[in-house]
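In: requesting a structural model of the entry that follows:
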Amino acid sequence: MSDMDVEVLTARDVPLGGPRAMTVRRTLPQRARTLIGAWCFADHYGPDHVADTGGMDVAPHPHTGLQTVSWLFSGEIEHRDSLGSHAFVRPGELNLMTGGHGIAHTEVSTPDTTVLHGVQLWVALPGEHRHAPRDFQHHAPKTLRVAGADIRVFLGTLAGDTSPVRTYTPLLGAEIVLDAGVTVTLDVDPDFEHGLLVDQGDIRLDGSPLRPAELGYTGPGRTRLTLANAADRPARAILLGGPPFDEEIVMWWNFIGRSHQDIVEAREAWEHSSDRFGSVDGYPGDRLPAPALPNAVIAPRKNPSRQ
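Out: Model (predicted):
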């Protein structure tokens, strides 16, 4: 594809945290595209009626080489980690956790949650920072009103607003809600590639139609993106962006490394309760065991070559 085309990525259903857990729709990574900027993982879930499904209950599990980004449309999730953070993910508020060298955490929907709906995103850390220390940040962005759209910028800069949240590569993350019948054109960084993940409604991205749970990808070179909602009800999407991340990464389970051996060492550390990940207090249950490694060397992932 040329950088002026819009590539449409469809989601696949994945159980979150095990075969009996809630199902999420995953658009990144996939064979066609591993990364958008440093964004390397995108799960979209809900509206999930907790009374029917049981909601989210992810036991202590590890991460390396990444930052997790939690963003909700409805419901509430209780977060605990081995840094000692105890926080709540609420609609319109960003929780960002850094698990460079190693961190562990839990995610549990709260008892008052009736409908759980949101996205869980990962950011790959660049090689020089992939062993960064544990960290946790929270930010509640203001709502911007731009030409019939409500925009909340939780990472990076868009529509004149800049998030104070620290990242290790330039990034953009924003929720955009389009009024019925509205078209909005946004200035963007031409050095960035972008992905628009549609949550609800049908949206046209630079003229290309996107349905709910689809992600539209655009390559670098654009100075503007045009989003159109021709329907008679609001539409909502998450806009992601960043400069192309040209490092090859190895992704397996909850780990990001640069080689198969990185993954082997992280898994062994978790299975042996190493101090690398620490421990999570306050969760009433056992931690998640690591799955068995494949009977093959885990190959690095990279994006297709840009034309």
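In: CA only for contacts and neighbour counts going forward, please
Out: Noted.
In: against residue 133, how distant is residue 54?
Out: Counting by CA to CA, to the nearest Å, the separation of residue 54 from residue 133 is 33 Å.
In: also residue 82?
Out: Look at residue 82 and residue 133: by CA to CA, they are 12 Å apart.
In: which one of these two has more residues nearby?
Out: A count of neighbours by other CA atoms under 10 Å puts residue 82 above the other of residue 82 and residue 133, at 21 against 13.
In: surely that one meets residue 102?
Out: No: counting by CA atoms under 8 Å, residue 82 does not reach residue 102; the two are 9.3 Å apart.
In: give me the common contacts of those two.
Out: Counting by CA atoms under 8 Å, 6 or more residues apart in numbering, the residues touching both residue 82 and residue 102 are residue 277.
In: give me the beta-bridge partners of residue 116?
Out: When bridges are taken as DSSP bridges, the partners of residue 116 come out as residue 48.
In: ditto for residue 239
Out: residue 174, residue 196.
In: which residues of this structure fall in helices?
Out: Secondary structure of the chain by DSSP state H: the helices cover 50-53, 260-271.
In: so of these, which one's packed in deepest?
Out: By mean neighbour count, with neighbours taken as mean count of other CA atoms under 10 Å, helix 260-271 ranks first of the helices of the chain at a mean of 17.
In: which helices and strands does that one pack with?
Out: strand 250-252, strand 255-257 (3 or more CA pairs under 8 Å, 6 or more residues apart in numbering; DSSP states H and E).
In: grab the most central residue of this structure for me.
Out: Nearest to the centroid of the C-alpha atoms of the chain, with distances taken as CA atoms, centre = their mean, sits residue 121, at 1.0 Å.
In: next up, the contacts around that one.
Out: For residue 121, the set of contacting residues under the criterion of CA under 8 Å, 6+ apart consists of 39, 40, 41, 42, 43, 68, 69, 70.
In: which of these tops the neighbour count?
Out: Of the contacts of residue 121, residue 39 is surrounded by the most neighbours, 29 neighbours in total, counting by other CA under 10 Å.
In: for it, name its beta-bridge partners.
Out: Applying DSSP bridges to residue 39 gives these bridge partners: residue 36, residue 123.
In: quick one: it and residue 125 touch, right?
Out: No: Residue 39 lies out of contact with residue 125 (CA under 8 Å); the separation is 9.4 Å.
In: next, give me the two most distant ones among the contacts of residue 121.
Out: Checking the contacts of residue 121 against each other with CA to CA, the farthest-apart pair comes out as 40 and 70, at 13.9 Å.
In: roughly how far does residue 36 sit from residue 275?
Out: As judged by CA to CA, residue 36 and residue 275 stand 32 Å apart.
In: higher neighbour count, those two?
Out: residue 36 (26 against 11).
In: spit out the contact partners of the more buried one.
Out: Per CA under 8 Å, 6+ apart, neighbours of residue 36: 193, 194, 195, 217, 240, 241, 242, 243, 244, 245.
In: repeat that for 7 Å
Out: When contacts are counted by CA atoms under 7 Å, 6 or more residues apart in numbering, residue 36 is found next to 193, 194, 195, 241, 242, 244.
In: please flag which of these sit within strands.
Out: Residues of these located in strands (DSSP state E): 193, 194, 195, 241, 242.
In: distance to residue 236 and pLDDT added to the contacts of residue 121, as JSON lines?
Out: JSON lines is the format used below for the contacts of residue 121 (distance: CA to CA, whole Å; pLDDT from 0 to 100):
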{"residue": "39", "distance to residue 236": "19", "pLDDT": "98"}
{"residue": "40", "distance to residue 236": "21", "pLDDT": "97"}
{"residue": "41", "distance to residue 236": "19", "pLDDT": "95"}
{"residue": "42", "distance to residue 236": "16", "pLDDT": "96"}
{"residue": "43", "distance to residue 236": "16", "pLDDT": "94"}
{"residue": "68", "distance to residue 236": "21", "pLDDT": "98"}
{"residue": "69", "distance to residue 236": "18", "pLDDT": "98"}
{"residue": "70", "distance to residue 236": "17", "pLDDT": "97"}
